[in-house]
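Colleague: next come a sequence and a model predicted from it.
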Amino acid sequence: MGRLEERGLAIPDETKAARYLRHIGYYRLSPYTIPFQDRGAEHRFRAGAAFDDVLDLYVFDRALRLLVMDALERVEVSVRAALTDHMSTTQGTAARIGDSGSQAASAT
């Protein structure tokens, strides 16, 4: 936390910041500080940047990621169901077994 404060990030509640840094981790949270930094090699924070701003961005990103993953799962299930339906109606039982030639050859 000291390094963040040295670079200009306001940390009004150090206990809260320490708790979040301990649970999330500095290296997990550090990319979320980039929009609040001035350009340059020193990684100084812009005036008015606060730890809560960084945390809010992290929470927003997490919520967005969960929404996207939920939507992606729905698309995946739908595509898989459509593919399975198509294969079963066009290929019959062999599509479920996975080898179209082995069933016919063993029946003769």
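Modeller: All right, it came through fine. Since the model is a prediction, treat every value here as computed from it, not as a measurement.

Colleague: show me the shaky parts of this protein.
Modeller: 92-108 (pLDDT under 70).

Colleague: what backbone torsions are found at the residue positioned nearest the centre of it?
Modeller: Nearest to the mean C-alpha position of the chain, by Cα atoms, centre = their mean, lies R65 at 4.5 Å. With angles defined as degrees, to the nearest 10, R65 sits at phi -60, psi -40.

Colleague: how near is it to G25?
Modeller: Separation of R65 from G25 (Cβ to Cβ, to the nearest Å): 16 Å. All C-beta atoms are positioned from the backbone trio N, CA, C, and that covers glycine.

Colleague: next: P35.
Modeller: To G25, P35 is 19 Å away according to Cβ to Cβ.

Colleague: then A49?
Modeller: 20 Å.

Colleague: who has more neighbours, those two?
Modeller: Taking neighbours as other Cβ atoms under 10 Å, A49 and G25 compare with A49 leading, 20 against 10.

Colleague: report the contact partners of the residue nearest to that one when sequence neighbours are not counted.
Modeller: The shortest distance from A49 to any non-neighbouring residue, by Cβ to Cβ, 6 or more residues apart in numbering, is to F36 (3.9 Å). By Cβ atoms under 8 Å, 6 or more residues apart in numbering, the residues touching F36 are L9, F45, R46, A49, D53, V54.
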